[in-house]
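> here is the input, now give the coordinates:
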Amino acid sequence: MQSPLLVGLSLPRDLELLRDRAGEASRRGEDLAPLYAELAETAPVALIDLTLGPKAMKEAAAVRAALAHAEALERHSPGMAPYRRLASLSPEAALDVLTVAVARHAAASWLISFADKIEARPGAMQLAANREAPPYAALCWAHAAAGHFQALVVEAGSGAVEPVAALLAAGRDHEAVEAAARAIEARADAPVVPWLAAVAGPQIEDLLLRLVPRLRSAEAARALLLHLTPFPRARGVLSAAVRGMR
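Purely as a prediction, here's the structure:
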């Protein structure tokens, strides 16, 4: 069934009239999804004009409707370009734009800078999306280089240790220790000590001594204790802490 907004129009001749009709419909709160679906099949140039063109509609609902046709938009403008344009049209819908971009391009390097303008904790969405994927460690390092430290600390709360090492490699000792505590609390068998040792080298015991007071559960403390035999000072402090947790 033809969209009412297309009745009596011939595209591309009447593109400007369609733009006016669609704009009025969007301002009235009408759903543009049926129109966009029809244009994606019959007049993709018109779809691009309405969603990405110089006079594209700026209503959040219009931007969200356009996201349903991300594949068609990418055929016209690959990579970050369509998402950057959509996010600029409606800051209100920008988080939805990022969500679709991450879903379609989870490991894309351009998401690192794109997230800066949108997320409260830039990088959180991409890190979570790649948690079980091969690029995960590299993305942790990339987000650390971009200054997305808080996202990495929160991500460590999933039990992942790569954020810990990435923070430490970036010289963010304080955040690395906090991330290590969150990783162990989330997953008692998280291999925090080997990862810290790989990055910190001889300084690891100082980090472990700073980590001990941050542990809250006896299970996490006992799990860490199993790995502290080579570090007698940290082991002694943690042993005392474990006794106090009983």
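> quickly find the element holding K58.
Using DSSP states H and E, K58 falls within no helix or strand.
> my guess is V100 meets A66, correct?
No - using CB atoms under 8 Å, V100 is not in contact with A66; the gap is 9.7 Å. Backbone N, C-alpha and C define where each C-beta goes, glycine included.
> ok, these two, which is more surrounded?
A66 (29 against 17; other CB atoms under 10 Å).
> and the helix or strand harbouring A200, what's buried?
If you go by DSSP H and E, A200 is part of helix 192-200. Going by neighbour count (16 or more other CB atoms under 10 Å), the buried part of helix 192-200 is 192-193, 195-197, 199-200.
> domain parsing for the protein?
1-105, 124-246 (automatic domain parsing).
> give me the average confidence score over the last one.
So that's domain 124-246. Averaging pLDDT along domain 124-246 yields 94.
> do the same with stretch 8-27
Regarding stretch 8-27, the rounded mean pLDDT is 91.
> before we move on, back to that, list the buried residues of whichever helix or strand comes after the helix holding A200.
Downstream of helix 192-200, the first helix or strand assigned by DSSP H and E is helix 204-211. In terms of neighbour count (16+ other CB under 10 Å), helix 204-211 has its buried residues at 204-205, 207-211.
> repeat for stretch 69-82
Buried, per 16+ other CB under 10 Å, within stretch 69-82: 69-70, 72-73, 80, 82.
> name the residues that touch the helix or strand containing R233?
Under the criterion of DSSP H and E, R233 resides in helix 232-245. Contacts with helix 232-245, where a contact means CB atoms under 8 Å, 6 or more residues apart in numbering, come from 205, 208-209, 211-213, 215, 217-218, 221-222, 224-225, 228-229.
> filter these to the buried ones?
Taking 16+ other CB under 10 Å as the criterion, what is buried in the contacts of helix 232-245 is 205, 208-209, 211-212, 215, 221, 224-225, 228.
> and those, which is closest to P122?
Nearest to P122, judged by CB to CB, of these is L211 at 25.7 Å.
> hmm, that closest one is touching V177, no?
Yes - contact criterion CB under 8 Å: L211 and V177 qualify, at 5.2 Å.
> residue contacts, the nearest residue to D116 once chain neighbours are set aside?
Of all residues beyond its chain neighbours, the one nearest D116 is P122 (4.8 Å), with distances taken as CB to CB, 6 or more residues apart in numbering. Contacts here follow CB under 8 Å, 6+ apart; on that basis P122 touches 115-116, 143, 146, 148, 151.
> roughly how far does A46 sit from Q150?
Separation of A46 from Q150 (CB to CB, to the nearest Å) stands at 42 Å.
> these two: which is more packed in?
For A46 versus Q150, neighbours defined as other CB under 10 Å are more numerous around A46 (24 against 15).
> how much space between the more buried one and A183?
50 Å.
> repeat that for T51.
42 Å.
> please apply the same query to F149.
Counting by CB to CB, the gap from F149 to A183 is 15 Å.
> please apply the same query to Y83.
Computed as CB to CB, the Y83 to A183 distance reads 31 Å.
> now do the SS call for the most far-flung residue of the chain relative to its centre.
For the chain, the largest distance from the centre (CA atoms, centre = their mean) belongs to G8, which lies 43.7 Å off. What DSSP: H, G, I helix; E, B strand; the rest coil gives for G8 is coil.
> not counting sequence-adjacent ones, nearest residue to T42?
In space, T42 is closest to L11, 7.9 Å off (CB to CB, 6+ apart).
> on the three-state scheme, the one you found is what?
Following three-state DSSP, we place L11 in the coil state.
> ok, A137 next?
Going by three-state DSSP: A137 is helix.
> fine by me, thanks again.
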